[in-house]
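Trainee: Quick one, structure for this:
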Amino acid sequence: MDNLDRWLARVPVGVEALDSLETDVWARVRSLRAERIQMRLRIVAIVFALGLGAANGGVGASLVRPPVSEMSVFSSASLSPLARLEAG
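Mentor: Got it, this is the predicted structure:
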């Protein structure tokens with residue numbers, strides 16, 4: 001008697017027969033495949049969202065102009081008050 005025969009002999013009475021075992025196994029295989037496909041789609045969506053965000057963030061950062069300073073009145077050297085003191 002091999003291991004399979006021993007295991008089958010230990011099956012308690014009242015447990016449903018092993019007739020549906022193959023269909024149960026294939027149902028589980030289909031379920032696992034579906035989960036794997038969903039995981040791949042989630043990863044693709046996350047990578048796409050990160051790429052789109054990085055691209056838009058890079059474009060947005062390059063288009064932002066620094067705020068105009070109040071000291072821009074003195075942008076030309078001749079208008080600077082330090083020019084008369086020869087410090088600027």
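Trainee: What is the burial count for residue 24?
Mentor: 10 (other C-beta atoms under 10 Å). For the C-beta atoms, the positions are set from N, CA and C on the backbone; glycine is no exception.
Trainee: who touches it in this structure?
Mentor: Not one residue lies near residue 24 by C-beta atoms under 8 Å, 6 or more residues apart in numbering.
Trainee: What does the pLDDT read for it?
Mentor: Residue 24 is assigned a predicted lDDT (pLDDT) of 88.
Trainee: Regarding it, what is its secondary structure?
Mentor: Look at residue 24: counting by DSSP: H, G, I helix; E, B strand; the rest coil, its state is helix.
Trainee: Residue 11 in helix, strand or coil?
Mentor: Under three-state DSSP, the three-state class of residue 11 is coil.
Trainee: make that residue 66, sorry
Mentor: Going by three-state DSSP: residue 66 is coil.
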